[in-house]
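# Fold the following, please.
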Amino acid sequence: MEHLNEYLDTYGYIFLFFYSLGGGFFAIVGATVLAYTGKMDVYIVFLVSLASNFIGDIMLFYMGRYNKKDLFEYAKTHKRKIAYSILLVRKYGALIVFGQKFMYGLKTIVPMVMGFSKFSDFKFIFYNIFASIIFVACVVGASFYSSEFILGLIKAMEGYPTWAYPFILLAVLFIFWQIVSRVTRKK
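Numbers count the residues shown, from 1 in each chain. Next up is the predicted model:
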């Protein structure tokens, strides 16, 4: 346990930053729960997550703006998501910057699609900072106030052998994936 605290002190915020470049929902939740227990600072978790989330979307936007050819190769496997993102950008314009933060599966594609389009760089950066603040505030706030429940779940899992944790995690992820697949299935 001593080593865990040492690693968190040394690398916790760095890991949070890099994981949150792509959204990092689970890392933000985990870091917030650790902040609730006193192993990390909730304000630093908020600031690191905010900076990383903002920078990650800016990077995706500029990848879409300047690397269209390379991204079209990636796009071949995600045609439905890209088409849906284009419709959302056309329909909602700048407001989609706020919505995409909360959309699983579209979070990385919408900034790239906005980069493909003639959407203003300044507008995207302006809206993205506020969208990042709202997203991180919602995730950190909800995680902090549900930390007692999350810690209760972790305590309930203590009765299982350690080798079972990856299987439990895979089962939960599989159930989550099935739910998302059914909700987003073509009708």
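# give me the number of residues near Tyr145?
Tyr145 has 11 neighbours, counted by other Cβ atoms under 10 Å. (Each C-beta comes from the backbone N, C-alpha and C, glycine too.)
# from here on, count from 36
Okay, residue one is now 36; in that scheme the one you just asked about reads as Tyr180.
# can you tell me how far it sits from Leu95?
Taking Cβ to Cβ, to the nearest Å as the measure, Tyr180 falls 30 Å from Leu95.
# Kindly report the same for Ser181.
Going from Ser181 to Leu95 by Cβ to Cβ gives 29 Å.
# Repeat that for Ala66.
Remark: distance between Ala66 and Leu95 (Cβ to Cβ) = 22 Å.
# so who does the residue lying farthest from the centre of the chain touch?
Computed with Cα atoms, centre = their mean, the maximum C-alpha offset from the centroid of the chain is found at Gly194, amounting to 30.3 Å. By Cβ atoms under 8 Å, 6 or more residues apart in numbering, the contact set of Gly194 is empty.
# how near is it to Ile203?
For Gly194, the distance to Ile203 equals 12 Å [Cβ to Cβ].
# which residue is nearest the centroid of the protein?
By Cα atoms, centre = their mean, the most central residue of the chain is Gly58, 2.3 Å off.
# Determine the three-state secondary structure at the closest residue in space to it that isn't next to it in sequence.
In this structure, Gly58 finds its nearest non-sequential neighbour in Lys142, 4.8 Å apart by Cβ to Cβ, 6 or more residues apart in numbering. Under DSSP: H, G, I helix; E, B strand; the rest coil, Lys142 falls in the coil class.
# Which parts of the chain are helices?
Secondary structure of the chain by DSSP state H: the helices cover 37-55, 60-72, 77-101, 103-110, 114-127, 131-135, 144-151, 156-180, 182-191, 200-219.
# quick one: contacts of the third one?
The contact list for helix 77-101 (Cβ under 8 Å, 6+ apart) reads 48, 51-59, 62-63, 66-67, 69-71, 106, 136, 143, 146-151, 156, 159-160, 163-164, 166-168, 170-172, 174-175, 179.
# Measure how far it is from the centre of its chain, please.
Taking Cα atoms, centre = their mean, to the nearest Å, one finds helix 77-101 lying 10 Å from the centre of the chain it belongs to.
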